[in-house]
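A.B. asks: sequence and computational prediction follow.
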Amino acid sequence: MASGKENGGLDNHAFDVSTTTQPFCDQPRGKADKVCRSSCVAENDRNKPTYCVTDVPPWYLCVFLAIQHYLTAFGGIISIPLLLSEGLCLQHDTLTQSHLINTIFFVSGLCTLLQVTFGVRLPILQGGTFTLVIPAMAMLSLPEWKCPTWTQNASLVNTSSPHFIEVWQTRMRALQGSIMVASVLQILVGFSGLIGFLMRFIGPLTIAPTVSLIGLSLYDSAGAKAGSHWGISALTTGLIILFSQYLRLIPVPLPAYNKTKKLHTSKFLVFQIIPILLGVAVSWLVCYLLTLYDVLPSDPAQYGHVGRTDVKGNVLNEASWFIFPYPGQWGLPTVSLAGVLGIIAGIVCSMAESVGDYYACASLSGAPPPPKHAISRGIGVEGLGSLLAGAFGTGNGTTSFSENVAALGITKVGSRTVILLSGIFMMLMGILGKIGAIFATIPTPVIGGMFLIMFGVVTAAGISNLQFTDMNSSRNIFIFGFSMFSGLVIPNWIMKNPDFLDTGVKEVDQVLRILLTTHVFVGGLLGFFLDNTIPGTKEERGLLQWDKVHHEDYSTSVGTEDVYDLPFGITTCLSSQSWVRYIPFCPWRGRRSQYNSEDQNTSRSQGNEHSTGATDEIAL
């Protein structure tokens, strides 16, 4: 999921190396050195990607892996429109929900192409982000944006009436404008190179409460959907757990074809690749059978009725075969100052998480650590992606998908050609209207069961950032505990006492209400402030380990930083221009030579220190 950013397997690599070399360290020194060196080489060969970032696998493998990446991102991307549909008064308009699903898939594919081609140039998929869902829902919960009572009753909603269309499109346009204006900040921070300066102040104790509160703050929505039929929700949750945890390493024989073996069976880790999709599909089938035999009640007033598959069955027939999303399809966006500030809070969190994803993706795809110009360009292109997402009307922005970064470590295929093809597939799926309609007909309790897993994993992914800090430190325990608890208490109290914020200026009240009811803003701001003001060493704060994880394990990387050069010969054309050195997001040969010479000097000095230490050890 977009929302819980992970390191994508760096820790696993470190663990494997240590456990492989450790048993030989008690042998005599000469023999032990030879064995350790050979084992390290073997370990490096094992960790080395089968296809590095610049490699191009066979076309049939590209197609399979591209579809796999699409399915891996499926759960996170489809959840966002389904969550926003409540705040947009669309819970009873499944056809429009399907249109939103098509739009977010199309934009995610488009932004993926931009990121891989002109952005950071790593094989990293782009998609919606939960960091913007929370401030969006806070904005839509303002008194002037609350859905009318009649939209909560399915029998009173006429989805084709101009009045109902204006109700939800007004809210969508306000959300669009806020996202577009807020994305300008991300564009400026990225292309100006300011992201490198900001990252000095953002560490694990800022990221941990911010990301964790994304999952925790969505408990009410997940509970409402799961509670629509606890039996079906429990079945969905149980199946996803079974597939993703217990059966993930069990290979499944599937038909395959190649020139030598012709048609044959080959084993794939299907349960590891698409556990969410499999769990949803099986539960969906069960709901269909229960509907077919009238086990689930047909009376809308009875408990469990929403579990029937015929509740939204007409959507598939009404949906068009082809839909072409375009900017402004819901009308001219409007801007809300309060909404802009709330979305900015989510974008800042998204930027910090994406930088971590770039380093993890580079390591797993066999690329050298991303230089500053590539990181700046990546964040800037993500800002452009959020601008496009706002213009197209997804109700969300875009960010790097951690799940797909982790998939690189599983498949050992780090080719950016695969991700480019995956982006094309996502755009095609966004154009096919029937595809979005199929996803929109998923029964509500099945969605609730999926949310229980996904939001729980997001919460845990945020807490996992604490592994870099010293959690025996009372300072760190205080910062994390206070930030987390305040991030839950303050927004909850403000929502229950909306009249408390009354400054006499409506605009100020709106800004304060959105910011103080956005859990990630309250928790993240407190974590950021306390971590940067309460005295503590870098080691205690986790900054040293944080940087180490970002820069280590590049022994299997390919050649030079040429992989981050701009395509179509743009870098070659610009290298002759002296003014390029002043552009933070442009690669420049002179800057690269300077960095290489500095690295060589550093390596030479480290080598001298190492040799001196070895001599002292032998003498001792």
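C.D. replies: Cool, the structure landed.

A.B. asks: going by C-alpha atoms from here, please, whenever you check contacts or count neighbours.
C.D. replies: Fine.

A.B. asks: hang on, residue 225 packs against residue 445?
C.D. replies: Yes. Using C-alpha atoms under 8 Å, residue 225 is in contact with residue 445, at 5.5 Å.

A.B. asks: between these two, which is the more surrounded one?
C.D. replies: Taking neighbours as other C-alpha atoms under 10 Å, residue 225 and residue 445 compare with residue 445 leading, 31 against 22.

A.B. asks: residues in contact with that one?
C.D. replies: 225-230, 232-233, 306-307 (C-alpha atoms under 8 Å, 6 or more residues apart in numbering).

A.B. asks: restricted to strands, list these.
C.D. replies: Among those, no member is found in strands (DSSP state E).

A.B. asks: pull out the buried residues from the residues you listed.
C.D. replies: Buried members of the contacts of residue 445, counted by 16 or more other C-alpha atoms under 10 Å: 225-230, 232-233, 306-307.

A.B. asks: got these as JSON lines, with distance to residue 435 and pLDDT columns?
C.D. replies: Output for the buried ones among the contacts of residue 445, formatted as JSON lines (distance: C-alpha to C-alpha, whole Å; pLDDT from 0 to 100):
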{"residue": "225", "distance to residue 435": "22", "pLDDT": "86"}
{"residue": "226", "distance to residue 435": "24", "pLDDT": "89"}
{"residue": "227", "distance to residue 435": "27", "pLDDT": "90"}
{"residue": "228", "distance to residue 435": "25", "pLDDT": "88"}
{"residue": "229", "distance to residue 435": "25", "pLDDT": "91"}
{"residue": "230", "distance to residue 435": "27", "pLDDT": "93"}
{"residue": "232", "distance to residue 435": "23", "pLDDT": "93"}
{"residue": "233", "distance to residue 435": "23", "pLDDT": "93"}
{"residue": "306", "distance to residue 435": "21", "pLDDT": "85"}
{"residue": "307", "distance to residue 435": "20", "pLDDT": "87"}
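
A.B. asks: for the residues you listed, which one is nearest residue 463?
C.D. replies: Closest approach to residue 463 among the buried ones among the contacts of residue 445 (C-alpha to C-alpha): residue 226, at 24.2 Å.

A.B. asks: give me the element the closest residue to the closest one other than its chain neighbours is part of.
C.D. replies: With sequence-adjacent residues excluded and distances taken as C-alpha to C-alpha, 6 or more residues apart in numbering, residue 226 is closest to residue 448, at 3.9 Å. Counting by DSSP states H and E, the element that carries residue 448 is helix 444-463.

A.B. asks: which parts of the stretch 351-500 of the chain are strands?
C.D. replies: 399-400 (DSSP state E, counting those that start in this stretch).

A.B. asks: what about the helices in it?
C.D. replies: Secondary structure of the stretch 351-500 of the chain, counting by DSSP state H, counting those that start in this stretch: helices at 372-392, 402-411, 416-431, 433-440, 444-463, 474-496.

A.B. asks: give me the low-pLDDT residue ranges for the chain?
C.D. replies: 1-47, 273, 313, 403, 406-407, 409-411, 547-561, 589-620 (pLDDT under 70).

A.B. asks: which stretches of it form strands?
C.D. replies: 126-127, 252-258, 262-268, 399-400.

A.B. asks: turn those into CSV, including mean neighbour count and distance to residue 180.
C.D. replies: What follows is the strands of the chain, written out as CSV (neighbours: other C-alpha atoms under 10 Å; distance: least, C-alpha to C-alpha, whole Å):
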stretch, mean neighbour count, distance to residue 180
strand 126-127, 32, 16
strand 252-258, 11, 45
strand 262-268, 12, 42
strand 399-400, 30, 14
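
A.B. asks: what would those strands look like in CSV with distance to residue 242?
C.D. replies: Listed next are the strands of the chain as CSV, based on distance: least, C-alpha to C-alpha, whole Å:
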stretch, distance to residue 242
strand 126-127, 26
strand 252-258, 15
strand 262-268, 17
strand 399-400, 27
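
A.B. asks: of all these, which lies closest to residue 503?
C.D. replies: Here strand 399-400 is closest among the strands of the chain (C-alpha to C-alpha), at 35.5 Å.

A.B. asks: okay, now the sheet partners of that closest one, with direction.
C.D. replies: strand 126-127 (antiparallel) (DSSP bridges).

A.B. asks: mind checking how far the strand it pairs with is from the chain centre?
C.D. replies: Put simply, strand 126-127 sits 7 Å off its chain's centre (C-alpha atoms, centre = their mean, to the nearest Å).

A.B. asks: what does it contact?
C.D. replies: 2, 73, 77, 104-105, 107-109, 111-112, 115, 397-401.

A.B. asks: switch to 10 Å and redo it
C.D. replies: 1-3, 73-74, 76-78, 104-116, 382, 385-386, 389, 396-402, 404, 419, 423 (C-alpha atoms under 10 Å, 6 or more residues apart in numbering).

A.B. asks: do the same with stretch 255-264
C.D. replies: So stretch 255-264 is contacted by 60, 253-254, 265-268 (C-alpha under 10 Å, 6+ apart).

A.B. asks: in this structure residue 80 contacts residue 133, no?
C.D. replies: Yes. Assessed by C-alpha atoms under 10 Å, residue 80 is found in contact with residue 133 at 7.2 Å.

A.B. asks: got any residues that touch both of these two?
C.D. replies: Joint contacts of residue 80 and residue 133 (C-alpha under 10 Å, 6+ apart) are 395-396.

A.B. asks: distance from the chain centre to the helix holding residue 448, please.
C.D. replies: 14 Å.

A.B. asks: hey, C-alpha coordinates of it in CSV?
C.D. replies: C-alpha atoms of helix 444-463 as CSV (Å, rounded to 0.1, in the frame of the first residue of the first chain):
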residue,chain,number,x,y,z
THR,A,444,-19.5,-3.7,1.3
PRO,A,445,-18.5,-6.3,3.9
VAL,A,446,-15.8,-7.7,1.6
ILE,A,447,-14.3,-4.2,1.4
GLY,A,448,-14.5,-3.9,5.2
GLY,A,449,-12.6,-7.2,5.6
MET,A,450,-9.9,-5.9,3.2
PHE,A,451,-9.7,-2.6,5.1
LEU,A,452,-9.1,-4.4,8.4
ILE,A,453,-5.9,-5.9,6.9
MET,A,454,-4.7,-2.9,4.9
PHE,A,455,-5.1,-0.2,7.5
GLY,A,456,-3.6,-2.5,10.1
VAL,A,457,-0.5,-3.0,7.9
VAL,A,458,-0.2,0.7,7.4
THR,A,459,-0.2,1.3,11.1
ALA,A,460,2.5,-1.4,11.7
ALA,A,461,4.6,0.0,8.8
GLY,A,462,4.7,3.4,10.5
ILE,A,463,5.7,1.9,13.9
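
A.B. asks: related to what we said a few turns ago, okay if I get the contacts of stretch 255-264 as TSV plus distance to residue 493?
C.D. replies: Shown next, in TSV, are the contacts of stretch 255-264 (distance: C-alpha to C-alpha, whole Å):
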residue	distance to residue 493
60	55
253	54
254	54
265	58
266	56
267	53
268	50
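
A.B. asks: what ranges does the stretch 51-200 of the chain have for its helices?
C.D. replies: Using DSSP H, counting those that start in this stretch, helices in the stretch 51-200 of the chain cover 59-87, 94-118, 133-140, 162-191, 194-198.

A.B. asks: just so I know, which of these lies nearest residue 328?
C.D. replies: helix 162-191 (8.6 Å).

A.B. asks: what is the closest one packed up against?
C.D. replies: On a contact count with 3 or more C-alpha pairs under 10 Å, 6 or more residues apart in numbering; DSSP states H and E, helix 162-191 meets helix 59-87, helix 133-140, helix 194-198, helix 337-364, helix 372-392.

A.B. asks: looking at those, which is buried most?
C.D. replies: helix 372-392 (a mean of 27; mean count of other C-alpha atoms under 10 Å).

A.B. asks: let's see it as PDB, backbone CA atoms only.
C.D. replies: Extracted C-alpha coordinates of helix 372-392, given in PDB (Å, rounded to 0.1, in the frame of the first residue of the first chain):
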ATOM      1  CA  LYS A 372      20.600  14.700  -5.200                       C
ATOM      2  CA  HIS A 373      19.500  15.800  -8.700                       C
ATOM      3  CA  ALA A 374      17.600  12.500  -9.200                       C
ATOM      4  CA  ILE A 375      15.800  12.800  -5.800                       C
ATOM      5  CA  SER A 376      14.900  16.400  -6.500                       C
ATOM      6  CA  ARG A 377      13.500  15.500  -9.900                       C
ATOM      7  CA  GLY A 378      11.600  12.500  -8.400                       C
ATOM      8  CA  ILE A 379       9.900  14.600  -5.800                       C
ATOM      9  CA  GLY A 380       9.200  17.300  -8.400                       C
ATOM     10  CA  VAL A 381       7.600  14.800 -10.800                       C
ATOM     11  CA  GLU A 382       5.500  13.400  -7.900                       C
ATOM     12  CA  GLY A 383       4.300  17.000  -7.400                       C
ATOM     13  CA  LEU A 384       3.400  17.200 -11.100                       C
ATOM     14  CA  GLY A 385       1.600  13.800 -10.600                       C
ATOM     15  CA  SER A 386      -0.500  15.200  -7.800                       C
ATOM     16  CA  LEU A 387      -1.300  18.300  -9.900                       C
ATOM     17  CA  LEU A 388      -2.500  16.000 -12.700                       C
ATOM     18  CA  ALA A 389      -4.400  13.800 -10.300                       C
ATOM     19  CA  GLY A 390      -6.200  16.900  -8.900                       C
ATOM     20  CA  ALA A 391      -6.900  18.200 -12.500                       C
ATOM     21  CA  PHE A 392      -8.300  14.800 -13.600                       C
END
